[in-house]
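> Attaching a predicted model along with its sequence, questions to come.
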Amino acid sequence: MSAANRSYGTEKLARLRTAILHKPNQSLHLVNQSNYQDYLFSFPPDIEQYQHEHDQYADLLRSQGVEVLELEDYVQDNKVLIPTLPNLPYLNDSSVITSQGAILSKMCPGSRAGEELVVREVLDNLGIPIFHAFEGDAEFEGCLVISPDILFIADTERHSRTTIEGFFNKALELFPEIIFAEIPQERRYMHPDMIFGRISDNLALVYPPAFIKTFLITKKQRTEINLKNYLAKKDMELIEVSDQEQQKWGCSFVVLQPNIFIHYDISLNLKTQNQLSRRGVEIIEFHPDALLAGGGSLHCLTLRVWRE
């Protein structure tokens, strides 16, 4: 199970080389018509079709040259937890892999509690160190890397403000700048990839109405900023998605390499697709049906381990 000397780190938006997925089996049987909302699902899953679509996605990644690791192959001590965690496939929420190690989330109380224990064992067995792990009563379900110099953190309903504030100094050891957004506490914005997604060093998709206040945080100061204007100074253009696109995971996709990404074919309208096409962006489309039960995107399902 050990995997010493495995390469890791995803700050630089280079070609995706390695990712971890988890194809659920027994855990999906826990979710039914009477409790699916308690498990944060949008509707009860068609288990066989869900697994089939998950396999299709894994095969698509492999066809694009991505090494796909199955989570269960690297779990022994916490294997008993896996059948109890139907949201475990949404691995993006549980950690971010940097070149200095993983930022390991602490999932909120309820149906997702304990996922980080499984993920930590996987990372240990892959030889990936932990840069920071949230402990105790912390609540922190993920952050986004905008560039090797900028980390994006949003105050979602799946984060506690106290936990976020306590993490800033540690995060600044890795990233010179943090962009922090205060956003509505609503399910549609439950993780930061629902409102921002980088496509290349110079282009990203964004949903501006979610940004109530945005701050630039450095070791020296905290300053309120206009996100679009600030990133323009970094030569990053922001393309705005519509309300409908945002609710269909418009900002949440898997970049294979700069300007090439995999996305649900239901997420972006023709206007946005044309804007991206004019900028040389290629979208590899994937059609979901059963996967939508869990309320997540392909980006949510994918723990990116290494970009080269």
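Looks like it arrived, so ask away.
> residue boundaries of the helices in the chain?
47-63, 115-125, 161-171, 227-233, 243-247, 270-278 (DSSP state H).
> Just name the most buried of those.
helix 115-125 (a mean of 22; mean count of other CB atoms under 10 Å). C-beta: built from backbone N, CA, C; applies to glycine.
> Show me what that one is packed up against.
Judged by 3 or more CB pairs under 8 Å, 6 or more residues apart in numbering; DSSP states H and E, the packing partners of helix 115-125 are strand 95-98, strand 101-104, strand 130-133.
> distance between that helix and the chain's centre?
The chain centre lies 16 Å from the centre of helix 115-125; the measure is CA atoms, centre = their mean, to the nearest Å.
> picking that back up, columns mean pLDDT, distance to residue 207 and mean neighbour count on top of the helices and strands packed on helix 115-125, output as CSV?
Putting the helices and strands packed on helix 115-125 into CSV (pLDDT from 0 to 100; distance: least, CB to CB, whole Å; neighbours: other CB atoms under 10 Å) gives the following:
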stretch, mean pLDDT, distance to residue 207, mean neighbour count
strand 95-98, 98, 20, 25
strand 101-104, 99, 23, 22
strand 130-133, 98, 27, 18
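> Redo these as JSON lines? Include distance to residue 12.
Output for those, formatted as JSON lines (distance: least, CB to CB, whole Å):
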{"stretch": "strand 95-98", "distance to residue 12": "10"}
{"stretch": "strand 101-104", "distance to residue 12": "16"}
{"stretch": "strand 130-133", "distance to residue 12": "16"}
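> closest to residue 301 out of those?
Closest approach to residue 301 among those (CB to CB): strand 95-98, 13.6 Å.
> and that closest one, which strands flank it?
strand 101-104 (antiparallel) (DSSP bridges).
> Name the surrounding residues that touch the partner strand.
Contact with strand 101-104 is made by 8, 94-96, 116, 119-120, 123, 128-134, 143, 171, as judged by CB atoms under 8 Å, 6 or more residues apart in numbering.
> No further questions, thank you.
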